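Colleague: Sequence first, predicted model second:
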Amino acid sequence: MRKRTVTAVTGTALTVAVTAASVTAASARTVPAFGYHQVRDGIPKQAGRFRVTSPDLAQGRFPAASYADAFGCTGGNVPPRLSWSGAPAGTRSFAVTMLDRDAPTGSGFWHWSVRDLPATAASVPADAAAGVNDAGTASYLGPCPSVGDRPHRYEITVLALDVPDAGVPAAASPALASFTMGSHVIAAARITATAAR
């Protein structure tokens, strides 16, 4: 009787061990190197919407010229051309951001942050002063996802603000800038484009 009990327990242990090994092997084939989790959007739910387009992103992908010239990429680091219309009458300034939600950082990666564009703007002027990006430079930084990683989604967002100056310090991080501007966003327009290597 005792021998049967030990055999039953041993058999159960072997079944559990085999099942766990099977799950681990299957997981190794399907789970990406980094996990994914949702990050809150910086646009209030009540914000209106308007339209933004880009001739450079018409196919939903970045052209070679817009890729970074860093992190192993040899692109031209040229920001995509944007054109927007239909912002609400209460708009007193615009801001433009570019966020890679798929960067393996746990919080995405901000590539571009332009603020305090006048309410009359319908595009980003060539001489627009950019805020600091997540690489620590005050400029546009093009996409450069890791070789072999899944295609990264880059959200380029134009924010219509109800103030002419959001009061964001020049050296503020993109996260701080977005947090500061958040309470002034009255409408937004967005393009999502992908990049992969």
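Modeller: Received, thanks. Residues are numbered from 1 along each chain as shown.

Colleague: Every contact and neighbour count from this point should use C-alpha atoms.
Modeller: Noted.

Colleague: For the closest residue to Ala177 other than its chain neighbours, which residues are in contact?
Modeller: Nearest non-adjacent residue to Ala177, counting by C-alpha to C-alpha, 6 or more residues apart in numbering: Val168, 5.8 Å away. Val168 makes contact with Ala177, Thr180, Met181, according to C-alpha atoms under 8 Å, 6 or more residues apart in numbering.

Colleague: and what of Ser66?
Modeller: Contacts of Ser66 (C-alpha under 8 Å, 6+ apart): Gly75, Gly76, Asn77, Val78, Pro79, Pro80, Gly142, Pro143.

Colleague: got it, and Arg150?
Modeller: Neighbours of Arg150 in contact, by C-alpha under 8 Å, 6+ apart: Ala196.

Colleague: now with 6 Å?
Modeller: If a contact means C-alpha atoms under 6 Å, 6 or more residues apart in numbering, then Arg150 has no contacts.

Colleague: helix or strand right after the helix or strand of the chain with the lowest mean pLDDT?
Modeller: Of all helical and strand segments in the chain, the minimum by mean pLDDT, DSSP states H and E falls on helix 2-30, at a mean of 39. Note on helix 2-30: by DSSP states H and E, the next helix or strand toward the C-terminus is strand 48-49.

Colleague: right, and the helix or strand after that following strand?
Modeller: strand 51-53.

Colleague: those strands in the chain, which residues are they?
Modeller: Assigned by DSSP state E, the strands in the chain fall at 48-49, 51-53, 83-85, 93-100, 109-118, 152-161, 185-195.
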